[in-house]
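Student: With the input below, show me the fold.
(chains A and B)
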Protein chains: 2
Amino acid sequence: MSITAPAGFVAAGTSCGTKRSGELDLALVATDDARAVPAAGVFTTNLAAAAPVVVSRAHLKSRGGHAAAVVVSSGNANAATGLQGLADAERICALAGGGLGVEPSEVLVCQTGLIGVAMSMAPIETGMAPLVSARAAGAEAAGRAAEAMMTTDTFRKEVVVEGRGFRVGGMAKGAAMLSPHMELPDVFAHATMLAVLTTDARCGPSDLAAALAGAVDSTFNRMTLDGCTSTNDTVVALASGRGDVLPGPGELAAALERACGQLAEMMAADGEGATKLAKVLVTGAASDVEAYRAARKVAESALVKCSLNGEDPYWGRVVSELGSAGVAFEIDRVEVAFGGTVVCRRGVAAEHDPEMVRAHMKQRSLKITCDLGMGSSIATVLTCDLGHGYIDENRTTS
Amino acid sequence: MSITAPAGFVAAGTSCGTKRSGELDLALVATDDARAVPAAGVFTTNLAAAAPVVVSRAHLKSRGGHAAAVVVSSGNANAATGLQGLADAERICALAGGGLGVEPSEVLVCQTGLIGVAMSMAPIETGMAPLVSARAAGAEAAGRAAEAMMTTDTFRKEVVVEGRGFRVGGMAKGAAMLSPHMELPDVFAHATMLAVLTTDARCGPSDLAAALAGAVDSTFNRMTLDGCTSTNDTVVALASGRGDVLPGPGELAAALERACGQLAEMMAADGEGATKLAKVLVTGAASDVEAYRAARKVAESALVKCSLNGEDPYWGRVVSELGSAGVAFEIDRVEVAFGGTVVCRRGVAAEHDPEMVRAHMKQRSLKITCDLGMGSSIATVLTCDLGHGYIDENRTTS
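Tutor: As a prediction, this is how the structure comes out:
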């Protein structure tokens, strides 16, 4: 079900030919009655923002936080494509709007794929009508939409979260260029990651925007696969308001956060070439910002990620990253644990059972805990290992 | 000759057993008359600074910028080793000082290798006397010293620069954890990289310190292999004053900069697993700091580095990094060239001869030029590609 699990939404996914492989490459999520509903978006902070980012942001603004549909196209990012790229993104909205019977500005658009290549619009021109006609409720349509978002993803990323009297559904893609850094206050976080969320909760546009911003801040923005902030990162949410219950304060935010958190874990686990998913937890930092910065520095470290790939609990690299993270740090206070086994205490090697650590490092899901001993702030950042697969995937685009 | 090319210096390199492989692992550079001479050092900004960094910094300070010798030990970084590590680093200086007939505080020490492992001092206790006895002028001794610095380096890094009436000699190591970020004013740059420089120029400690800081700022700090700032980065210089000529203002600085620049290029070319050396030149930035920040963002990008490994001129990734570098940026002003062939103009694909670019990408030494069109500031950062070799080298420490 995922994206169509909340009442009021339909979805579809087709192959229009943007991807030469013939895989699904065009997705649609829309309200089932061609009505614009409260909508919110969080977009990349990259100043080379792609045309779909520019267009979706403008559409949301012009409609005061309302939208009736989201189109997702994969195979071409439509980034670094100039004015033609903007016209192409607008044309996609117009095509979808025409088919659905809504205004073009009530349509949001997300794109992912190669940067710097002019869109070939013919496939989308011919593919949009069948896409719109294929829209349906139910799991199959939702699944096809989720599949059509994928680029180098190896599996579909879908989620359904049950709130008290409402549901949140979501789908996402993202496997590299993944270090979302989205436009949130006081957040310097960073993927091409795209996520579309739906809910039948009753809420206004500003409540939805606040809840989505909080959810993105504590999930997608706490994940880094390669430290590269995409030109196309986008998370959008639509709220049909079909539920019977008005969620209590925080209830919608909590449900969105759970949905985004699960999608983020799927993304990290599906990092290009990844064989390990790792949670880096920093505790005892002097401030929340410092906790986050330190966790991100460890999570983005090429050397730490290589060690994870080799299942090597080389904590010296972790300490080195903490020391160069630009946060309050005193080496004789630092403690590092792998899977709960303390390997470094007060900045030096701690006696421990190497078998415990070895067994943990063989797991698929790893946990590195770093206590700075400087305060009481905590942050978690998700990452993955760095292996041959990432390089093989990214050496060439052809 | 390298480190012994300037008049007044002797060197040696031995295998004492810190490296289990039996390779050379202990080096010495000293004045030939056991006299302390003007000396300067630039050290890592990593707050988890290794014991040798702490000790060398203190020795330089206590002697008002004078030293008689530098010991370099490879195989163990003596970092995250607590108070025992400090005592061990001091003991190394005392052993060398004893052999040479100088005060322990007139000896500087550099170490490189694994972090978080207590030093095994026995090899150094027994190895120091033969090392000191082996000290000699001439190319062979200098070459052995340079070889004893190496860890994963695949070749010795030595340089000699001829000034007007004086010489500068140098040796260095560094292949990963290489993104020097040394303690210079207004510099946020980042390796384990170690470099020892000698000169027979006549100069005082403060002139030497200023000249060295400038040289490091424009060379080692403009290089990033993996974005990881080591706990041990150190550049030290000793000036014997044996030359006949007092160098004119800027002459010593220029010679040190040439020496450091050549050593930095050797390091980048010898990056672990590297098959390409790349110069990222940013022009048209709004300020010097922004030019540097933008060049470093491109140079540190895992995705850009994978493209270099695949000889793929995927400029979209370059534009994306520029857009997320935190600098003034307008996509319709940006221009990107590979080897002088413009592939992106005003933010979109530029017509060009793909054969020209393909031929450039096959070279070992690549050049990526990015003009931001926002001002007149320029910066260059050296990097290398990211290939399987880097991962293989860093997966495990055993």
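Student: tell me what the lowest-mean-pLDDT helix or strand in chain A is packed against?
Tutor: Ranking every helix and strand in chain A by mean pLDDT, DSSP states H and E puts helix A:388-394 at the bottom, with a mean of 86. Applying 3 or more C-beta pairs under 8 Å, 6 or more residues apart in numbering or on different chains; DSSP states H and E, one finds that helix A:388-394 contacts helix B:302-309, helix B:388-394. Placement of C-beta: from N, CA and C, glycine included.
Student: if I look at the residue at the greatest distance from the centre of chain A, how far off is chain B?
Tutor: What lies farthest from the middle of chain A is A:Glu351; by C-alpha atoms, centre = their mean that is 38.8 Å. Distance of A:Glu351 to chain B, computed by C-beta to the nearest C-beta, to the nearest Å: 12 Å.
Student: and what of A:Thr234?
Tutor: 15 Å.
Student: Could you double-check that that residue sits in contact with A:Val54?
Tutor: No. Applying C-beta atoms under 8 Å, one finds A:Thr234 not in contact with A:Val54, separated by 11.0 Å.
Student: Helices of the stretch 51-200 of chain A, start to end?
Tutor: Secondary structure of the stretch 51-200 of chain A, counting by DSSP state H, counting those that start in this stretch: helices at A:51-62, A:82-100, A:122-133, A:139-149.
Student: is the second one up against chain B anywhere?
Tutor: I take that to be helix A:82-100. Yes. Using C-beta under 8 Å from any C-beta of the partner chain, helix A:82-100 reaches chain B at A:82, A:84-85.
Student: got the angle for that helix vs helix A:51-62?
Tutor: 60 degrees (axes from the mean of the first three to the mean of the last three C-alpha atoms, to 10 degrees).
Student: if we can go back for a sec, could you tell me which of the residues of helix A:82-100 next to chain B count as buried?
Tutor: Buried members of these, scored by 16 or more other C-beta atoms under 10 Å in any protein chain shown, are A:Gly85.
Student: For the residues of helix A:82-100 next to chain B, give me a markdown table that also has distance to A:Pro123.
Tutor: Shown next, in a markdown table, are the residues of helix A:82-100 next to chain B (distance: C-beta to C-beta, whole Å):
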| residue | distance to A:Pro123 |
| --- | --- |
| A:Gly82 | 20 |
| A:Gln84 | 16 |
| A:Gly85 | 16 |
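Student: near chain B, which residues of the stretch 1-150 of chain A show up?
Tutor: Counting by C-beta under 8 Å from any C-beta, the stretch 1-150 of chain A sits next to chain B at A:44-49, A:77, A:79-82, A:84-85, A:114-118.
Student: hmm, try it at 10 Å
Tutor: Residues of the stretch 1-150 of chain A lying near chain B by C-beta under 10 Å from any C-beta of the partner chain: A:44-50, A:54, A:77, A:79-85, A:113-118.
Student: I only care about those residues that end up buried; give me the ChimeraX line for that.
Tutor: A single ChimeraX command selects the buried members of these (16+ other C-beta under 10 Å):
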select /A:44,45,46,47,48,49,50,54,77,79,80,81,85,113,114,115,116,117
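Student: Quick check: the residue of the stretch 101-250 of chain A nearest chain B.
Tutor: Residue nearest to chain B within the stretch 101-250 of chain A: A:Ile115 (2.6 Å; C-beta to the nearest C-beta).
Student: Test my guess that that residue contacts B:Gly316.
Tutor: Yes. Using C-beta atoms under 10 Å, A:Ile115 is in contact with B:Gly316, at 2.6 Å.
Student: hang on, the earlier thing: looking at the helices and strands packed on helix A:388-394, which is buried most?
Tutor: helix B:302-309 (a mean of 26; mean count of other C-beta atoms under 10 Å in any protein chain shown).
Student: How far off centre is that one?
Tutor: 22 Å (C-alpha atoms, centre = their mean, to the nearest Å).
Student: Beyond that helix, next helix or strand please.
Tutor: helix B:315-323 (DSSP states H and E).
Student: So is the helix or strand that comes right after that next one next to chain A?
Tutor: Elements were assigned by DSSP H and E; along the chain past helix B:315-323, the next helix or strand is strand B:335-338. Yes. Counting by C-beta under 10 Å from any C-beta, chain A is contacted by strand B:335-338 at B:Val336.
Student: Tell me how many other residues crowd the closest residue to A:Met266 other than its chain neighbours.
Tutor: Using C-beta to C-beta, 6 or more residues apart in numbering or on different chains and skipping residues adjacent in sequence, the residue nearest A:Met266 is A:Lys157, 4.3 Å away. By other C-beta atoms under 10 Å in any protein chain shown, 26 other residues sit near A:Lys157.
Student: same check, this time on A:Ser133
Tutor: A:Ser133: 11 neighbours (other C-beta under 10 Å).
Student: got the contact list for it?
Tutor: The contact partners of A:Ser133, by C-beta atoms under 10 Å, 6 or more residues apart in numbering or on different chains, come to A:12, A:14, A:99.
Student: In the stretch 201-350 of chain A, what residue spans correspond to strands?
Tutor: Per DSSP state E, counting those that start in this stretch, the stretch 201-350 of chain A carries strands over the ranges A:234-239, A:277-285, A:335-338, A:341-345, A:348-349.
Student: Pipe those strands into a markdown table and attach distance to A:Thr224 per row.
Tutor: Conversion of the strands of the stretch 201-350 of chain A to a markdown table gives the following (distance: least, C-beta to C-beta, whole Å):
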| stretch | distance to A:Thr224 |
| --- | --- |
| strand A:234-239 | 16 |
| strand A:277-285 | 9 |
| strand A:335-338 | 19 |
| strand A:341-345 | 23 |
| strand A:348-349 | 28 |
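Student: closest one to B:Gly347 among those?
Tutor: strand A:234-239 (19.6 Å; C-beta to C-beta).
Student: Direction included, what does that closest one pair against?
Tutor: Strands that pair with strand A:234-239, judged by DSSP bridges, come out as strand A:37-43 (antiparallel), strand A:194-199 (parallel).
Student: Would you map out the domains in chain A?
Tutor: Domain assignment for chain A by automatic domain parsing gives A:2-269, A:277-394.
Student: most packed of the ones you listed?
Tutor: Of these, domain A:2-269 is the most buried (mean count of other C-beta under 10 Å), at a mean of 23.
Student: Can you give me the end-to-end span of that one?
Tutor: End-to-end distance for domain A:2-269, by C-alpha to C-alpha, to the nearest Å: 19 Å.
Student: That domain: how far from the chain's middle?
Tutor: Taking mean C-alpha positions (C-alpha atoms, centre = their mean), domain A:2-269 and its chain are 10 Å apart.
Student: Could you do stretch A:305-322 as well?
Tutor: Here stretch A:305-322 is found 25 Å from its chain centre; the criterion is C-alpha atoms, centre = their mean.
Student: Quote the end-to-end distance of it.
Tutor: 14 Å.
Student: again with stretch A:220-228
Tutor: 13 Å.
Student: now do stretch A:267-278
Tutor: Using C-alpha to C-alpha, first and last residues of stretch A:267-278 are 12 Å apart.
Student: I'd like the average pLDDT over it.
Tutor: Averaged over stretch A:267-278, pLDDT sits at 83.
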